[in-house]
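Trainee: here you go, sequence then predicted model.
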Amino acid sequence: MFECSCKEEFNICGSESTIHFITNIPEMVQKVSKLLKKLHLKSKIDENICSVVLLNPNKFFHENINFLSENFSEFEQKEIRVFVENHKHPLTINNILKAKSLFLYLNFINDVSFFEILYSKSFTSHFQPIIDMENNTIFGHEALIRGVYPDGTLMYPDEIFKKSERNSTNFKLDQICRETALKTAATKRINKKIFINFLPTSIYDPEFCLQATVKWAKQLEYDPKNIVFEVVETEKVKDKEHLKTILNFYRQKGFLIALDDVGEGYSSLNMIIDIKPDIIKIDRNIIDNIQKDTMKQSIYKALKQISDDNNIKLLAEGVETAEELNKVRELGVDYVQGYYYSKPLAEPIRKLQTKLV
């Protein structure tokens, strides 16, 4: 059994250890040694490894983060890998293969508030309603992640995912986001459909990586048909067959599939063919001022035709004005989501105020 990446937690040791700076570039090994000397530290070079004994590696990186950041370019930080050797982590081939880049060590210190939220799982979900245009009722809610600082203020998705991406924690974060959405929706007693984003690039084995999500859905007694998994960042998917395997796993469990940001590029159009979603969400860039742009209307009409021909529901995302709403209603739409109805809220809207115009 292999260890799931979503369970890994990165920490810098605080007890006496030998730090190995590893790189295949000889000049960089020499540079590491010279810079350590400037810090009055005696190092040893053995081929591609520069090593130094430190009483407290954690303290070393915290005290010298500016020095290391200023003297190593981002390329060098990513090229140099760091392995902390001690009695718990002996210097073996297998362990060296797990060495992290210097870039990640420095980010770990810079992004300490993010890691505190991540490792303590201090997250919640806010909910944005999705409106059924046939009867002007709430069809469901999209669950949108928020990190919670110790003082109760929030870290928003753009910052969360930016820091997660550069710290290579998407595996762990994606699982936490899915589980947080289900748990928060259950706490709020939401009995409508729940739309949950997921990053397909963060799932390497559906049976292994998604078992916790399926477990929580069952434990919280959710009808699978009321859970819609949204495929996001499809432009980063290189292996479409693997994506199909993930979605087939979801479908076999009874969940629905939505494709996000459709119309953003050629890749999303190809994805409609490849994954055959139950719902497609038209990208906000197309909806923005669609009533004034005949090109956007043409693209919308084409997507509407594809949806009608293939029994796919169409959701207009990011509707912010009455003019945009009127135009998508005129062109044809199943569901609408956007600030025109409500921004994401900690307490989900239970009943829709009359907003049809």
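Mentor: Now that the structure is in, tell me what you want to look at. Numbering: from 1, shown residues only.

Trainee: all contacts plus neighbour counts: C-alpha atoms, from now on.
Mentor: Will do.

Trainee: not counting sequence-adjacent ones, nearest residue to residue 329?
Mentor: Closest residue to residue 329 apart from its sequence neighbours, by Cα to Cα, 6 or more residues apart in numbering: residue 133 at 8.0 Å.

Trainee: apologies, that question was intended for residue 98.
Mentor: Counting by Cα to Cα, 6+ apart, the residue nearest residue 98 is residue 83, at 7.9 Å.

Trainee: beta partners for the one you found?
Mentor: Residues in a beta bridge with residue 83, per DSSP bridges, are residue 20.

Trainee: so who does it touch?
Mentor: 19-22, 96, 98-100 (Cα atoms under 8 Å, 6 or more residues apart in numbering).

Trainee: make JSON lines from these and add distance to residue 166, neighbour count and pLDDT to it.
Mentor: Listed next are those as JSON lines, based on distance: Cα to Cα, whole Å; neighbours: other Cα atoms under 10 Å; pLDDT from 0 to 100:
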{"residue": "19", "distance to residue 166": "22", "neighbour count": "19", "pLDDT": "96"}
{"residue": "20", "distance to residue 166": "22", "neighbour count": "24", "pLDDT": "97"}
{"residue": "21", "distance to residue 166": "20", "neighbour count": "24", "pLDDT": "97"}
{"residue": "22", "distance to residue 166": "20", "neighbour count": "27", "pLDDT": "96"}
{"residue": "96", "distance to residue 166": "21", "neighbour count": "18", "pLDDT": "85"}
{"residue": "98", "distance to residue 166": "17", "neighbour count": "11", "pLDDT": "85"}
{"residue": "99", "distance to residue 166": "16", "neighbour count": "16", "pLDDT": "93"}
{"residue": "100", "distance to residue 166": "12", "neighbour count": "19", "pLDDT": "93"}
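
Trainee: between the residues you listed, which is nearest residue 280?
Mentor: Set against residue 280, the nearest of the contacts of residue 83 by Cα to Cα is residue 100 (38.4 Å).

Trainee: distance check, the closest one against residue 19.
Mentor: 12 Å (Cα to Cα, to the nearest Å).

Trainee: tell me where the stretch 151-300 of the chain has strands.
Mentor: Under the criterion DSSP state E, counting those that start in this stretch, strands of the stretch 151-300 of the chain are mapped to 154-155, 193-198, 227-231, 256-262, 279-282.
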